[in-house]
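[1] sequence and predicted structure, then a few things I'm wondering about:
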Amino acid sequence: MVVDDEIEMRIALETTLKREGHHVVLAENGKQAMEKFGEDSFHLVLTDVKMPKMNGVELLKALKKKSPQTLAIMMTAYGDIDNAVETIKAGAFDYLLKPFSAEILVATLNRAFLDKSSTTKELPSTQPKSNEAPNQERRIVTQNKEMLKQLEFVENISYSKSTVLIMGDTGTGKEMFARYIHQMSPRAQKPFMAVNCAALPEGLLETELFGHEKGAFTGAIERKDGKFELANKGTLLLDEVTEMSLPLQAKLLRVLQEHEIDKVGGRTSIPVDV
(Lines give C-alpha, C1' and ligand atoms only; values in the text may rest on other atoms or scores of the structure.)
Protein backbone atom coordinates (compact mmCIF):
# COMPACT_ATOMS: atom_id res chain seq x y z
CA MET A 1 0.00 0.00 0.00
CA VAL A 2 1.20 3.52 -0.86
CA VAL A 3 -0.05 6.35 1.37
CA ASP A 4 0.65 9.97 0.37
CA ASP A 5 -1.48 13.11 0.19
CA GLU A 6 0.20 14.20 -3.07
CA ILE A 7 -1.41 12.52 -6.08
CA GLU A 8 1.70 12.95 -8.26
CA MET A 9 3.78 11.10 -5.68
CA ARG A 10 1.23 8.29 -5.39
CA ILE A 11 1.15 7.79 -9.16
CA ALA A 12 4.96 7.87 -9.48
CA LEU A 13 5.39 5.30 -6.72
CA GLU A 14 2.63 3.13 -8.13
CA THR A 15 4.32 3.12 -11.55
CA THR A 16 7.70 2.11 -10.09
CA LEU A 17 6.27 -0.61 -7.85
CA LYS A 18 4.09 -2.13 -10.57
CA ARG A 19 7.09 -2.22 -12.88
CA GLU A 20 8.81 -4.33 -10.20
CA GLY A 21 5.88 -6.74 -10.17
CA HIS A 22 4.09 -5.57 -7.00
CA HIS A 23 0.33 -5.26 -6.56
CA VAL A 24 -0.31 -1.70 -5.36
CA VAL A 25 -3.20 -0.10 -3.47
CA LEU A 26 -3.27 3.70 -3.02
CA ALA A 27 -4.51 5.85 -0.14
CA GLU A 28 -4.33 9.63 0.23
CA ASN A 29 -4.13 9.78 4.03
CA GLY A 30 -3.77 7.62 7.12
CA LYS A 31 -7.49 7.38 7.80
CA GLN A 32 -8.21 6.08 4.29
CA ALA A 33 -5.28 3.68 4.60
CA MET A 34 -6.72 2.15 7.78
CA GLU A 35 -10.09 1.71 6.08
CA LYS A 36 -8.44 -0.17 3.20
CA PHE A 37 -6.31 -2.12 5.63
CA GLY A 38 -9.50 -3.41 7.21
CA GLU A 39 -10.63 -4.74 3.83
CA ASP A 40 -7.38 -6.49 2.87
CA SER A 41 -3.93 -7.46 4.17
CA PHE A 42 -0.64 -6.01 2.94
CA HIS A 43 2.97 -7.15 3.05
CA LEU A 44 4.30 -3.59 3.17
CA VAL A 45 3.06 -0.04 3.66
CA LEU A 46 4.97 2.88 2.13
CA THR A 47 3.69 6.04 3.78
CA ASP A 48 4.41 9.75 3.97
CA VAL A 49 4.91 11.27 7.43
CA LYS A 50 3.25 14.68 7.00
CA MET A 51 -0.42 14.11 6.07
CA PRO A 52 -3.82 15.52 7.09
CA LYS A 53 -6.38 13.64 9.23
CA MET A 54 -3.89 10.98 10.38
CA ASN A 55 -0.15 11.48 9.97
CA GLY A 56 2.32 8.77 9.09
CA VAL A 57 3.50 8.12 12.64
CA GLU A 58 -0.07 7.70 13.89
CA LEU A 59 -0.78 5.40 10.95
CA LEU A 60 2.35 3.37 11.66
CA LYS A 61 1.37 2.84 15.31
CA ALA A 62 -2.16 1.82 14.31
CA LEU A 63 -0.86 -0.58 11.66
CA LYS A 64 1.61 -2.21 14.02
CA LYS A 65 -1.11 -2.65 16.62
CA LYS A 66 -3.40 -4.29 14.08
CA SER A 67 -0.76 -6.27 12.13
CA PRO A 68 2.73 -6.37 13.74
CA GLN A 69 4.19 -8.41 10.85
CA THR A 70 3.38 -5.76 8.22
CA LEU A 71 6.48 -3.91 7.04
CA ALA A 72 6.46 -0.11 6.96
CA ILE A 73 8.74 2.36 5.20
CA MET A 74 8.31 6.07 5.95
CA MET A 75 8.81 8.98 3.53
CA THR A 76 9.24 12.66 4.22
CA ALA A 77 10.49 15.84 2.59
CA TYR A 78 11.57 17.13 5.99
CA GLY A 79 15.03 16.10 7.18
CA ASP A 80 13.98 15.87 10.82
CA ILE A 81 16.16 13.45 12.81
CA ASP A 82 13.66 13.36 15.69
CA ASN A 83 10.95 12.25 13.25
CA ALA A 84 13.23 9.56 11.87
CA VAL A 85 14.03 8.23 15.35
CA GLU A 86 10.36 8.29 16.32
CA THR A 87 9.29 6.28 13.27
CA ILE A 88 12.03 3.67 13.75
CA LYS A 89 11.07 3.30 17.41
CA ALA A 90 7.44 2.91 16.37
CA GLY A 91 8.40 -0.05 14.18
CA ALA A 92 9.25 1.36 10.75
CA PHE A 93 11.79 -0.64 8.77
CA ASP A 94 13.38 2.42 7.19
CA TYR A 95 13.01 6.14 6.54
CA LEU A 96 13.40 7.70 3.06
CA LEU A 97 14.09 11.39 2.55
CA LYS A 98 12.34 12.90 -0.50
CA PRO A 99 13.28 13.19 -3.26
CA PHE A 100 14.69 9.69 -3.72
CA SER A 101 15.38 7.70 -6.87
CA ALA A 102 13.52 4.62 -8.08
CA GLU A 103 16.73 2.64 -7.55
CA ILE A 104 16.90 3.61 -3.87
CA LEU A 105 13.23 2.76 -3.40
CA VAL A 106 13.60 -0.68 -4.99
CA ALA A 107 16.77 -1.41 -3.01
CA THR A 108 15.02 -0.45 0.23
CA LEU A 109 12.04 -2.66 -0.56
CA ASN A 110 14.33 -5.59 -1.34
CA ARG A 111 16.14 -5.12 1.97
CA ALA A 112 12.85 -4.92 3.81
CA PHE A 113 11.57 -8.21 2.40
CA LEU A 114 14.93 -9.90 3.09
CA ASP A 115 15.02 -8.60 6.64
CA LYS A 116 11.36 -9.26 7.44
CA SER A 117 10.47 -10.03 11.03
CA SER A 118 14.10 -10.27 12.18
CA THR A 119 17.11 -8.27 13.30
CA THR A 120 19.19 -10.77 11.32
CA LYS A 121 21.33 -9.04 8.72
CA GLU A 122 22.16 -10.55 5.33
CA LEU A 123 25.77 -10.85 4.25
CA PRO A 124 27.08 -12.29 1.00
CA SER A 125 29.22 -15.39 1.42
CA THR A 126 32.92 -14.82 0.78
CA GLN A 127 33.85 -18.52 0.62
CA PRO A 128 30.77 -20.70 0.17
CA LYS A 129 30.62 -24.06 1.89
CA SER A 130 30.58 -27.19 -0.25
CA ASN A 131 26.79 -27.43 -0.02
CA GLU A 132 26.21 -23.74 -0.83
CA ALA A 133 25.68 -22.17 -4.22
CA PRO A 134 28.40 -19.62 -5.10
CA ASN A 135 26.04 -16.63 -4.71
CA GLN A 136 24.17 -17.91 -1.68
CA GLU A 137 24.16 -15.50 1.27
CA ARG A 138 25.14 -16.16 4.87
CA ARG A 139 23.63 -14.40 7.84
CA ILE A 140 25.13 -12.26 10.57
CA VAL A 141 23.10 -12.95 13.68
CA THR A 142 23.71 -10.46 16.48
CA GLN A 143 21.94 -8.83 19.39
CA ASN A 144 24.94 -6.65 20.22
CA LYS A 145 23.72 -3.05 20.27
CA GLU A 146 27.00 -1.63 18.97
CA MET A 147 27.11 -4.10 16.07
CA LEU A 148 23.48 -3.38 15.18
CA LYS A 149 24.30 0.33 15.25
CA GLN A 150 27.24 -0.24 12.88
CA LEU A 151 25.12 -2.34 10.52
CA GLU A 152 22.43 0.35 10.45
CA PHE A 153 25.09 2.95 9.61
CA VAL A 154 26.42 0.71 6.83
CA GLU A 155 22.92 0.38 5.36
CA ASN A 156 22.51 4.16 5.33
CA ILE A 157 25.76 4.82 3.47
CA SER A 158 25.05 2.02 0.99
CA TYR A 159 22.73 4.43 -0.86
CA SER A 160 25.59 6.84 -1.54
CA LYS A 161 27.70 6.84 -4.69
CA SER A 162 30.62 8.29 -2.74
CA THR A 163 33.88 6.47 -2.16
CA VAL A 164 33.93 4.87 1.31
CA LEU A 165 37.06 4.63 3.48
CA ILE A 166 36.94 1.68 5.90
CA MET A 167 39.56 1.76 8.67
CA GLY A 168 40.44 -0.92 11.21
CA ASP A 169 43.07 -3.35 12.40
CA THR A 170 43.76 -6.62 10.61
CA GLY A 171 41.01 -9.14 11.27
CA THR A 172 38.33 -6.66 12.32
CA GLY A 173 36.15 -7.37 9.28
CA LYS A 174 36.82 -4.54 6.83
CA GLU A 175 36.11 -6.71 3.80
CA MET A 176 32.99 -8.08 5.49
CA PHE A 177 31.63 -4.55 5.84
CA ALA A 178 32.63 -3.71 2.26
CA ARG A 179 30.67 -6.70 1.00
CA TYR A 180 27.73 -5.72 3.19
CA ILE A 181 27.70 -2.19 1.75
CA HIS A 182 27.69 -3.70 -1.74
CA GLN A 183 24.89 -6.15 -0.90
CA MET A 184 22.67 -3.39 0.52
CA SER A 185 23.29 -0.97 -2.35
CA PRO A 186 21.55 -0.60 -5.74
CA ARG A 187 24.73 -2.20 -7.17
CA ALA A 188 24.06 -5.53 -5.42
CA GLN A 189 23.43 -7.40 -8.69
CA LYS A 190 26.67 -6.12 -10.22
CA PRO A 191 30.22 -7.42 -9.58
CA PHE A 192 32.05 -7.09 -6.26
CA MET A 193 35.83 -7.38 -6.60
CA ALA A 194 38.67 -7.06 -4.11
CA VAL A 195 42.36 -6.37 -4.69
CA ASN A 196 45.07 -6.60 -2.01
CA CYS A 197 47.37 -3.71 -2.90
CA ALA A 198 50.13 -5.06 -0.63
CA ALA A 199 50.26 -8.47 -2.30
CA LEU A 200 51.47 -7.35 -5.74
CA PRO A 201 54.55 -5.42 -6.91
CA GLU A 202 53.89 -1.98 -8.37
CA GLY A 203 54.08 -3.00 -12.04
CA LEU A 204 51.70 -5.92 -11.65
CA LEU A 205 49.32 -3.94 -9.44
CA GLU A 206 49.00 -1.22 -12.08
CA THR A 207 47.95 -3.67 -14.79
CA GLU A 208 45.75 -5.57 -12.33
CA LEU A 209 43.81 -2.39 -11.54
CA PHE A 210 43.87 -0.49 -14.83
CA GLY A 211 44.58 -3.19 -17.41
CA HIS A 212 46.91 -2.87 -20.40
CA GLU A 213 46.83 -2.73 -24.17
CA LYS A 214 48.39 -5.36 -26.41
CA GLY A 215 52.10 -4.63 -26.84
CA ALA A 216 52.21 -2.17 -23.93
CA PHE A 217 55.28 -3.97 -22.58
CA THR A 218 57.30 -7.13 -23.16
CA GLY A 219 54.99 -10.11 -22.69
CA ALA A 220 51.77 -8.15 -23.21
CA ILE A 221 50.59 -10.39 -26.03
CA GLU A 222 46.94 -9.44 -25.68
CA ARG A 223 44.73 -6.71 -24.28
CA LYS A 224 43.75 -7.10 -20.62
CA ASP A 225 40.88 -5.48 -18.73
CA GLY A 226 41.73 -4.29 -15.22
CA LYS A 227 39.63 -4.62 -12.09
CA PHE A 228 38.11 -1.17 -12.57
CA GLU A 229 36.61 -2.27 -15.88
CA LEU A 230 35.62 -5.72 -14.63
CA ALA A 231 33.85 -4.19 -11.62
CA ASN A 232 32.12 -1.49 -13.69
CA LYS A 233 28.68 -0.58 -12.27
CA GLY A 234 29.60 -2.61 -9.19
CA THR A 235 31.97 -2.28 -6.23
CA LEU A 236 35.77 -2.47 -6.06
CA LEU A 237 37.50 -2.94 -2.69
CA LEU A 238 41.13 -1.80 -2.53
CA ASP A 239 42.55 -3.59 0.51
CA GLU A 240 45.72 -2.17 2.10
CA VAL A 241 45.47 0.87 -0.17
CA THR A 242 48.11 2.72 1.89
CA GLU A 243 50.70 0.26 0.56
CA MET A 244 50.18 1.60 -2.97
CA SER A 245 53.09 3.63 -4.37
CA LEU A 246 52.73 7.41 -4.73
CA PRO A 247 52.58 7.32 -8.57
CA LEU A 248 49.79 4.73 -8.40
CA GLN A 249 47.99 6.76 -5.74
CA ALA A 250 48.06 9.73 -8.13
CA LYS A 251 46.57 7.54 -10.85
CA LEU A 252 43.91 6.32 -8.42
CA LEU A 253 43.08 9.91 -7.49
CA ARG A 254 42.32 10.65 -11.14
CA VAL A 255 39.84 7.76 -11.17
CA LEU A 256 38.11 9.09 -8.04
CA GLN A 257 37.92 12.63 -9.42
CA GLU A 258 37.27 12.04 -13.11
CA HIS A 259 35.66 8.56 -13.08
CA GLU A 260 37.86 7.35 -15.90
CA ILE A 261 40.96 5.17 -16.22
CA ASP A 262 44.02 5.05 -18.46
CA LYS A 263 45.20 1.57 -19.41
CA VAL A 264 48.92 0.89 -19.42
CA GLY A 265 49.93 1.66 -23.01
CA GLY A 266 46.51 3.13 -23.77
CA ARG A 267 45.91 6.32 -25.75
CA THR A 268 42.38 7.18 -24.66
CA SER A 269 40.67 7.35 -21.27
CA ILE A 270 37.91 4.87 -20.45
CA PRO A 271 34.92 5.93 -18.30
CA VAL A 272 34.14 3.69 -15.33
CA ASP A 273 31.47 3.66 -12.62
CA VAL A 274 32.57 1.85 -9.47
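    Arrived safely.

[2] how about the spatially most central residue of the chain, what does it touch?
    Closest to where the C-alpha atoms of the chain average out (Cα atoms, centre = their mean) is residue 185, at 1.5 Å. Residue 185 is in contact with 107, 158, 159, 235, counting by Cβ atoms under 8 Å, 6 or more residues apart in numbering. Where you see a C-beta, it was placed from the backbone N, CA and C, and this is true even at glycine.

[3] now residue 46
    Neighbours of residue 46 in contact, by Cβ under 8 Å, 6+ apart: 1, 2, 3, 13, 17, 72, 73, 75.

[4] narrow those to those in strands?
    2, 3, 72, 73, 75 (DSSP state E).

[5] could you dump those residues to TSV with pLDDT, neighbour count and distance to residue 224?
    TSV is the format used below for the ones in strands among the contacts of residue 46 (pLDDT from 0 to 100; neighbours: other Cβ atoms under 10 Å; distance: Cβ to Cβ, whole Å):
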residue	pLDDT	neighbour count	distance to residue 224
2	96	24	48
3	96	31	52
72	91	26	49
73	92	20	44
75	89	23	46
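
[6] closest one of those to residue 150?
    Proximity of the ones in strands among the contacts of residue 46 to residue 150 (Cβ to Cβ) peaks at residue 73, which lies at 21.5 Å.

[7] contacting residues for the closest one?
    44, 45, 46, 47, 92, 93, 94, 95, 96, 108, 109, 112.

[8] measure the third one to residue 86 for me?
    The gap separating residue 46 from residue 86 is 17 Å, by Cβ to Cβ, to the nearest Å.

[9] equivalent analysis for the fifth one, please.
    Residue 92 sits 9 Å away from residue 86, going by Cβ to Cβ.

[10] could you check which of those two is surrounded by more residues?
    Taking neighbours as other Cβ atoms under 10 Å, residue 92 and residue 86 compare with residue 92 leading, 23 against 17.

[11] distance-wise, check that one relative to residue 169.
    For residue 92 relative to residue 169 (Cβ to Cβ), the value is 35 Å.

[12] check residue 153 too.
    19 Å.

[13] what of residue 29?
    51 Å.

[14] those two: which is more packed in?
    residue 29 (19 against 7).

[15] name all residues that make contact with the more buried one.
    Contacts for residue 29 were tallied using Cβ under 8 Å, 6+ apart; they are 3, 5, 51, 52, 53, 54.

[16] among those, which one sits closest to residue 196?
    After measuring those against residue 196 - Cβ to Cβ - the closest member comes out as residue 3, at 48.1 Å.

[17] pretty sure the closest one is touching residue 60, no?
    No: applying Cβ atoms under 8 Å, one finds residue 3 not in contact with residue 60, separated by 10.0 Å.

[18] between those two, what contacts are shared?
    With Cβ under 8 Å, 6+ apart, residue 3 and residue 60 have common neighbours 45, 47.

[19] ok, now which ones touch the spatially closest residue to residue 271 that is not a sequence neighbour?
    Closest residue to residue 271 apart from its sequence neighbours, by Cβ to Cβ, 6 or more residues apart in numbering: residue 260 at 4.8 Å. Residues in contact with residue 260 (Cβ under 8 Å, 6+ apart) are 254, 269, 270, 271, 272.

[20] out of these, which sit inside helices?
    Within those, residues falling in helices by DSSP state H are residue 254.

[21] by neighbours, which of the contacts of residue 260 wins?
    Across these, neighbour numbers were computed from other Cβ under 10 Å; residue 272 holds the maximum, 20 neighbours.

[22] break the chain down into its domains, please.
    Following automatic domain parsing, one finds the domains of the chain at 2-117, 190-271.

[23] in a markdown table: those domains, plus distance to residue 148.
    Shown next, in a markdown table, are the domains of the chain (distance: least, Cβ to Cβ, whole Å):
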| stretch | distance to residue 148 |
| --- | --- |
| domain 2-117 | 12 |
| domain 190-271 | 23 |
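
[24] worst average pLDDT in these?
    Comparing mean pLDDT across these, the lowest value falls on domain 2-117: a mean of 85.

[25] what's the spacing between that one and its chain's center?
    19 Å (Cα atoms, centre = their mean, to the nearest Å).

[26] give me the contacts around stretch 213-226.
    207, 208, 209, 210, 211, 212, 261, 263, 264, 265, 266.
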